[in-house]
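Novice: sequence first, then the predicted structure, then my questions.
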Amino acid sequence: MTGITKSFPGVRALAGVDLEVAPGEVHCLLGQNGAGKSTLIKVLAGAHQPDDGEITWQGHPVTLSSPSAATAKGIATIYQELDLVPHLSVAENVHLGHELATAGFIRAREAERATRSLLSRLGHPEISPRALVGELSAAGQQIVSMARALSHEVRLIVMDEPSAVLDPDEVENLFRIVAELTADGVAVIYISHRLEEIRRIGDRVTVLKDGRAVAGGLPAQSTATRDIVALMTGRDVEYSFPRRTEPLDESAEPVLRVEGLARRGEFEPVDLVVRPGEIVGLAGLVGSGRSEILETVYGARKPTAGRVVLDGKPLRTGSVVAAVKAGLGLAPEERKAQGLLMMESVTRNVTLSSLPRFSTGGWLDREGERTAARARTGELALHPNDPERAVRTFSGGNQQKAVLARWLLRGCRVLLLDEPTRGVDVGARSELYALIRQLADQGVAVLLVSSELPEVLGLADRVLVLREGRVVHTAPAEQLDESRVLDLVMEGSPEPEGRP
Ligand SMILES: Nc1ncnc2c1ncn2[C@@H]1O[C@H](COP(=O)(O)OP(=O)(O)OP(=O)(O)O)[C@@H](O)[C@H]1O
Ligand SMILES: [Mg+2]
């Protein structure tokens, strides 16, 4: 790709980007939220038309006027926001747009068979080709996207933050697939905010900043982290976790008390307390019940046993309305499905749960609404800080900030955070951590779920380790380290005698 330029109304997303990818290499694309990574690969996928610039494919200039034109050339894309059809089956999604799917019963059988073999090749034979895509987990849906990509003859496969929805062992599986593809000479463009992944599988790195390539073709293994981060952010960022400023009052009455809460088939009875100002982390793999626990506390799922007590008063179970009224807030994991109105402005999304505050006598104080939203998005370094724009026009990481801004504004007693930094870049992360800590220091009780262990260990005061729906260990964060937690989530071995 040479000199690729692309503008959206009011934003220049790409300003003359060059990208060169060789057969069999893993080319990593790095850059902060909003740098233009997804836009660049959408141009390559034929989903966006560039305003200017050229694409040369296997030595020839090409015009990729539609996604099917790109697919026909052997370019497959796994998008950041997965684009599957939820009410169709796995096999139908995999063969969407193929001639295979266009005719009758026999073809359907064939499509299922082909899908089954692709899914096994991807290490997930347990996914049924007949299952509805909408019923799969985010990780499962991503495997389906991957199967769809591989159902064509592919020479280049683009993965936009694939690891954001995966567990450590699924990431390993992904890396195995990537290695197999590149061994066959397939090129991979890999986008991730996790530098350690780039080190593991990357060959070369191109760094985008504000729609420009500020470095192209750097060696992925040997370029120093500080150099990469400096290229991305234009400054040195120390990745840090804020210390608590006030000592935690261990004798304070818990704000949140979870007593014997359970959901059959999802998680066994859990007991936990969160005191004012305390951050409690839930560590465990995807599927260990972390998100389910959070959603049950929030009333979005009805427990089969146990209860949630807020400030000494039991909450009506299975009622989000009751939970929100009592002062609970949940920043959910899948922002698109559960959190955001994509067509509405960021302002409206941020103020959504606080609207009564801005209405008097049936009138909405639009100016007040805007000012309040802008203050919160400013704190979170929303980029561009123009909250009047529709959410869907923001990059993935910036959409996540909008979800958080909503709960910051609402002023909750208890904040339930599910993967708060998913897709958020290194520069903005420290700011987000500082904000979460600041909320706690103001007396908010925080219950945090994250797949990133350093995040749980760095941010939380106390950590509960979950395995297959069971709490296997509880300890102050400072008594744990990554390898110990990993042992626990993998093995779930009970604590050896005599250990603190
Ligand atoms: N459809 C659109 N309409 C208007 N602006 C858009 C649209 N798509 C992207 N943009 C803008 O283009 C810029 C680049 O966005 P892009 O999604 O490419 O960023 P990114 O590097 O993928 O970020 P992230 O790491 O958060 O995914 C951003 O300022 C974004 O707001
Ligand atoms: Mg993106």
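Specialist: Yep, it's here. None of the values given here were measured: they were computed from a predicted structure. Numbers count the residues shown, from 1 in each chain. Ligands and ions are numbered 1, 2, ... in the order given.

Novice: what sits against the residue in the stretch 101-250 of the chain that ligand 2 sits nearest to?
Specialist: Residue nearest to ligand 2 within the stretch 101-250 of the chain: D160 (5.8 Å; C-beta to the ion). Quick note: C-beta positions are derived from backbone N, CA and C, even for glycine. Residues in contact with D160 (C-beta atoms under 8 Å, 6 or more residues apart in numbering) are K37, S38, I41, T77, I78, Y79, Q80, I191.

Novice: how about the residues of this structure by ligand 2?
Specialist: Within reach of ligand 2 by C-beta under 5 Å from the ion, the chain has these residues: K37, S38, Q80, S395, G396.

Novice: relative to A76, how far out is the residue of the stretch 101-250 of the chain closest to ligand 2?
Specialist: 12 Å (C-beta to C-beta, to the nearest Å).

Novice: just G3 next, same as before
Specialist: For G3 relative to A76 (C-beta to C-beta), the value is 24 Å.

Novice: comparing these two, which residue is more hemmed in?
Specialist: A76 (24 against 13; other C-beta atoms under 10 Å).

Novice: that one reaches S145, doesn't it?
Specialist: No: the criterion here is C-beta atoms under 8 Å, and A76 misses it with S145 at 9.2 Å.

Novice: how's this structure carved up into domains?
Specialist: 2-233, 256-491 (automatic domain parsing).

Novice: now the terminal residues of the first one, how far apart.
Specialist: Going back to what we said before, that points to domain 2-233. One end of domain 2-233 sits 23 Å from the other (C-alpha to C-alpha, to the nearest Å).

Novice: where does the stretch 301-450 of the chain have low pLDDT?
Specialist: 334-338 (pLDDT under 70).

Novice: so which residues on it come close to ligand 1?
Specialist: By C-beta under 6 Å from any ligand atom, the part of the stretch 301-450 of the chain that sits against ligand 1 consists of P384, T393, F394, S395, G396, G397, N398, G423, D425.

Novice: same deal with the chain?
Specialist: Counting by C-beta under 6 Å from any ligand atom, the chain sits next to ligand 1 at 8, 11, 13, 31, 33-39, 80, 384, 393-398, 423, 425.

Novice: and these, which of them are in helices?
Specialist: Within the residues of the chain next to ligand 1, residues falling in helices by DSSP state H are K37, S38, T39, G396, G397, N398.

Novice: about what we covered before: who wins for neighbours among the residues of the chain next to ligand 2?
Specialist: That'd be K37 among the residues of the chain next to ligand 2, by other C-beta under 10 Å, with 28 neighbours.

Novice: what distance do you get for that one to L294?
Specialist: With distances taken as C-beta to C-beta, K37 is found 29 Å from L294.

Novice: ok, residues contacting stretch 113-133?
Specialist: Contacts of stretch 113-133 (C-beta under 8 Å, 6+ apart): 84-91, 93-95, 100, 111-112, 136, 140-141, 143-144, 146-147, 150-151, 173, 176-177.

Novice: immediately after the strand or helix carrying P454, which helix or strand?
Specialist: If you go by DSSP states H and E, P454 is part of helix 453-459. Counting by DSSP H and E, the next helix or strand C-terminal to helix 453-459 is strand 462-467.

Novice: so for that following strand, mean pLDDT?
Specialist: The pLDDT scores in strand 462-467 average 92.

Novice: neighbouring strands of that strand in the sheet, and parallel or not?
Specialist: strand 279-283 (parallel), strand 470-476 (antiparallel) (DSSP bridges).

Novice: which of these is buried the deepest?
Specialist: strand 279-283 (a mean of 26; mean count of other C-beta atoms under 10 Å).

Novice: CA atoms of that strand as CSV?
Specialist: What follows is strand 279-283, C-alpha atoms only, in CSV (Å, rounded to 0.1, in the frame of the first residue of the first chain):
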residue,chain,number,x,y,z
ILE,A,279,-10.8,-2.8,44.7
VAL,A,280,-11.4,-6.5,44.6
GLY,A,281,-10.2,-8.4,41.5
LEU,A,282,-11.6,-11.6,40.0
ALA,A,283,-8.9,-13.6,38.2
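
Novice: ok and the next helix or strand after it relative to strand 470-476, angle-wise?
Specialist: Downstream of strand 279-283, the first helix or strand assigned by DSSP H and E is helix 290-297. Interaxial angle, helix 290-297 versus strand 470-476 (axes from the mean of the first three to the mean of the last three C-alpha atoms, to 10 degrees): 90 degrees.

Novice: list the neighbouring strands of the very next helix or strand once past helix 290-297 plus their orientation.
Specialist: Note on helix 290-297: by DSSP H and E, the next helix or strand toward the C-terminus is strand 305-310. As defined by DSSP bridges, the strand partners of strand 305-310 come to strand 256-263 (antiparallel), strand 313-314 (antiparallel).
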